[in-house]
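K.L.:
missing the sequence, but the structure's below:
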């Protein structure tokens, strides 16, 4: 089954102590879509400017990502630039040029409106609402977010939570939202705000799910070299949704393994700048790391 | 089989935003010994002053901890005082009165010298060396440490590493020792310094083992309330060694499960001040959380 992914499509310029990579394909929807494409067909909704390089359209095509929902607007593509510190744990935004993204309103092509699996990747909560307003009976809707929306659009975000099945956020966002820095307490508080499935991401420490099937502690794949963690969270939730849409049986029966697949997809994302490593990966490479994680967690 | 545990025996005064607890039983050896005692007989080597409260001797006795190696010296028991911040992630040492601990030299009773399982809990590396000098053919020696020894006795510590089988340290200590903040890279570098088993502890994020059987990612038990994390690392390694000494078969066959038992024992430690919660726990409580961790990690 296909996954509908709505989010940002951007050009990222990333600087690390070791290298500088200008105008790579980025954005929450790009990372999530490529990750999901290893498992399921993907329908992408986003916006780019007239300057959007043809090579990135080709990249989407190679991953069989349907672009009927990708608007091409007059103006410049969203451009984001950031710099990582030596240890890759802290980054500093250098530049945010919203371009055509500033006026973005997600319009769903008719054929997308009946999508069963919907990923509201990181965009303004008002736009995430707008997507849901256009949907008819999705089976499983997951939303991601970022600290920015907790700062400037918290009410919209809080109103979104009863409308979605799953909510994914990182530990510092969970702390900000719930005012608890205890992960277990935060999970409980977020459940009370609406979603039946809550996933808190902890970067290289993995992630934790609370859902109807209980707690699941999901490991990160242990990496020897982290090149660029930009998009890892998007890859995680993209891989998770792609796997879920491909799997038979209930969400509950599959969501743990879906997280593992998301975790592994995210691990590849971290090993190259932008989507460079992820786009060289085959499904067999992902399966191999999933098997390794099985070994790494067995006791 | 019994475990020999050598380390500090102290009185801890712990302050948190919620409470103040003066002169509780503490020290690396106390926490480790009580944790190990759930699984195996324990022989304790340490030193206390004449002021050491009888109730704590009784506590050791209740846990069937052999005290032939506990020296009672003229002077005061090591007293350590610290204060935790609201989120329990940062603590500040308020006071360190070494007392009789300043002159401590561990003397092993004759019957301890043939111990098969040896835990060199956190004390000065020179004293850890001195213990090994007295041993005859231990089967499995594990050492713990702390940042202090990396700062003031790094050479002694580095010389200890080829003499031990397993080394346990936390992530910031691993970073300090190896100058790498990548956990996988740090594990490899520490192997090259000697020990076949290296465990890096990551607090509430669990721990990771690298050994002949490969990588093991060990979860922390997810706690809703952390009361006082003092001694959690000591409890972890104590539980680990106690379990290993109790288990049949090779170290490799048992060490992963031993880490899980250590992790669970440490979780109880965090739920009360000092040893207050740990000393109310029964083996069945530990087994119950181990079963929960099995569920929480299954995929």
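P.N.:
Received it, and whenever you're ready, just let me know what you need. What you see is a predicted model; the values in this text were computed from it and never measured.

K.L.:
secondary structure class for the spatially most central residue of chain A?
P.N.:
When C-alpha atoms, centre = their mean is applied to chain A, the residue found nearest the centroid is residue A:234 (2.2 Å). Per DSSP: H, G, I helix; E, B strand; the rest coil, the local secondary structure of residue A:234 is helix.

K.L.:
any idea how far it is from residue A:110?
P.N.:
Counting by C-beta to C-beta, to the nearest Å, the gap from residue A:234 to residue A:110 is 26 Å. Yep, even glycine has a C-beta here, placed from its N, CA and C like the rest.

K.L.:
now the closest residue to residue A:150 other than its chain neighbours: how far from residue A:154?
P.N.:
In this structure, residue A:150 finds its nearest non-sequential neighbour in residue A:176, 4.9 Å apart by C-beta to C-beta, 6 or more residues apart in numbering or on different chains. Using C-beta to C-beta, residue A:176 is found at 9 Å from residue A:154.

K.L.:
Those two: who's more crowded?
P.N.:
A direct count of neighbours by other C-beta atoms under 10 Å in any protein chain shown for residue A:176 and residue A:154 places residue A:176 higher, at 16 against 13.

K.L.:
which helices and strands sit right next to the helix-or-strand element of chain A with minimal mean pLDDT?
P.N.:
When the helices and strands of chain A are scored by mean pLDDT, DSSP states H and E, strand A:91-97 comes last with a mean of 92. Counting contacts by 3 or more C-beta pairs under 8 Å, 6 or more residues apart in numbering or on different chains; DSSP states H and E, strand A:91-97 is packed against strand A:10-15, strand A:79-84.

K.L.:
Dump these into a markdown table; add distance to chain B and mean pLDDT as well.
P.N.:
As requested, those are exported to a markdown table (distance: least, C-beta to the nearest C-beta, whole Å; pLDDT from 0 to 100):
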| stretch | distance to chain B | mean pLDDT |
| --- | --- | --- |
| strand A:10-15 | 19 | 96 |
| strand A:79-84 | 13 | 94 |
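
K.L.:
Need the winner for burial among those.
P.N.:
Comparing those by mean neighbour count (mean count of other C-beta atoms under 10 Å in any protein chain shown), strand A:10-15 ranks first with a mean of 23.

K.L.:
orientation of that one relative to strand A:79-84 in degrees?
P.N.:
30 degrees (axes from the mean of the first three to the mean of the last three C-alpha atoms, to 10 degrees).

K.L.:
ok, strand A:10-15: who's next to it in the sheet?
P.N.:
strand A:20-26 (antiparallel), strand A:79-84 (parallel) (DSSP bridges).

K.L.:
export the ones you listed to CSV and tack on distance to residue B:209?
P.N.:
Compiled in CSV, the strands paired with strand A:10-15 are given as follows (distance: least, C-beta to C-beta, whole Å):
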stretch, distance to residue B:209
strand A:20-26, 35
strand A:79-84, 29
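
K.L.:
Ok, which of those strands comes nearest residue B:130?
P.N.:
Among the strands paired with strand A:10-15, strand A:79-84 comes nearest to residue B:130, with 45.0 Å by C-beta to C-beta.

K.L.:
angle of the closest one against strand A:91-97?
P.N.:
160 degrees.

K.L.:
Excluding residues flanking it in the chain, which one is nearest the residue nearest to the centre of chain A?
P.N.:
Using C-beta to C-beta, 6+ apart, the closest residue to residue A:234 is residue A:31 (3.6 Å).

K.L.:
roughly how far is the strand or helix carrying the one you found from the heart of the chain?
P.N.:
Using DSSP states H and E, residue A:31 falls within helix A:28-36. From the chain centre to the centre of helix A:28-36 is a distance of 6 Å (C-alpha atoms, centre = their mean, to the nearest Å).

K.L.:
distance between the helix or strand that that helix is followed by and the chain's centre?
P.N.:
With elements assigned by DSSP H and E, the helix or strand that comes after helix A:28-36 is strand A:42-49. Distance, stretch centre to chain centre, for strand A:42-49: 14 Å (C-alpha atoms, centre = their mean).

K.L.:
partners of strand A:42-49 in the sheet?
P.N.:
Strand A:42-49 has these strand partners (DSSP bridges): strand A:3-6 (parallel), strand A:65-73 (parallel).

K.L.:
Output the ones you listed in a markdown table; the columns should cover mean neighbour count.
P.N.:
A markdown table is the format used below for the strands paired with strand A:42-49 (neighbours: other C-beta atoms under 10 Å in any protein chain shown):
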| stretch | mean neighbour count |
| --- | --- |
| strand A:3-6 | 30 |
| strand A:65-73 | 17 |
